[in-house]
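**Q** Got a predicted structure plus its sequence, pasted below:
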Amino acid sequence: MKLSEKNKDFFQDVFDVARLIPEGKATSYGAIAKYLGAPRSSRMVGWAMNAAHTHTDIPAHRVVNRNGLLTGKMHFATPTLMEELLEKEGIKVKKDKIVDYKKIYWDPNIELAL
DNA sequence: CCATTGACTTAAG
DNA sequence: CCTTAAGCCAATG
C-alpha cells in the first residue's frame, strides 16, 4: 500500500503548501483551504499552522487572514515575531497589517495550478 | 456524545 | 473603526 496515499491529511497538505510559499510573499488561510478543496475550512488551516509551528519548520508568518492582517501574531513566540519575520523578508507591516498585500499575495490556486 | 473554542470569513449595525 | 452574529469544520475536554 502507498503511504503517500494514505497520509493525505489536511494538516499535511497545509504544511506542504506553507513550505512552498516563496520569501517576500504571503497567502491567506482561505486560499490554502480552497487549494486543498475545502474553501470553508479556513479555520482548519489556522489549526494546522498551530500544530505546524511546533512540529516542523513552517513559515507560518507568511500565512495571514484575507485582509493581510496578522491575526496569528499572538500565537508566535512573541506577539512581534511575526511582523519581524515578514519585514525581514521585505514585507512591510503597518499596524499588524501587510502593506500592499495584493502585491505580495501568493495564491496557491494560481501559482501551484496545473 | 455534547459543549466549547479557534491563527477564518462575511455580513450587519 | 469596532462589536456581534452566524456559518463553517476539526480538535479538545
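**A** All right, it came through fine.

**Q** what residues does chain A put near DNA strand C?
**A** Residues of chain A lying close to DNA strand C by Cβ under 7 Å from any atom of the strand are A:F10, A:F11, A:A38, A:R40, A:S41, A:S42, A:R43, A:M44, A:W47. Where you see a C-beta, it was placed from the backbone N, CA and C, and this is true even at glycine.

**Q** Narrow those to just the buried residues.
**A** Taking 16 or more other Cβ atoms under 10 Å as the criterion, what is buried in the residues of chain A next to DNA strand C is A:F10, A:F11, A:S41, A:S42, A:M44.

**Q** quick one: the strands in chain A?
**A** Here chain A has its strands, by DSSP state E, at A:27-28, A:63-64, A:93-94, A:97-98.

**Q** Low-confidence regions, chain A specifically.
**A** A:1-8, A:114 (pLDDT under 70).

**Q** Pick out the residue closest to the middle of it.
**A** A:V63 (2.7 Å; Cα atoms, centre = their mean).

**Q** and it, what is it in contact with?
**A** A:V63 makes contacts with A:A18, A:I21, A:A26, A:T27, A:S28, A:Y29, A:I32, A:V45, A:M49, A:G72, as judged by Cβ atoms under 8 Å, 6 or more residues apart in numbering.

**Q** Those residues in helices, which ones?
**A** Among those, the members falling in helices (DSSP state H) are A:A18, A:Y29, A:I32, A:V45, A:M49.

**Q** can you tell me which residues contact A:S42?
**A** A:S28, A:Y29, A:G30, A:A33.

**Q** gap between the nearest residue to the third one once chain neighbours are set aside and A:M49?
**A** Yep, that's A:G30 we're talking about. The shortest distance from A:G30 to any non-neighbouring residue, by Cβ to Cβ, 6 or more residues apart in numbering, is to A:S42 (4.4 Å). Remark: distance between A:S42 and A:M49 (Cβ to Cβ, to the nearest Å) = 11 Å.
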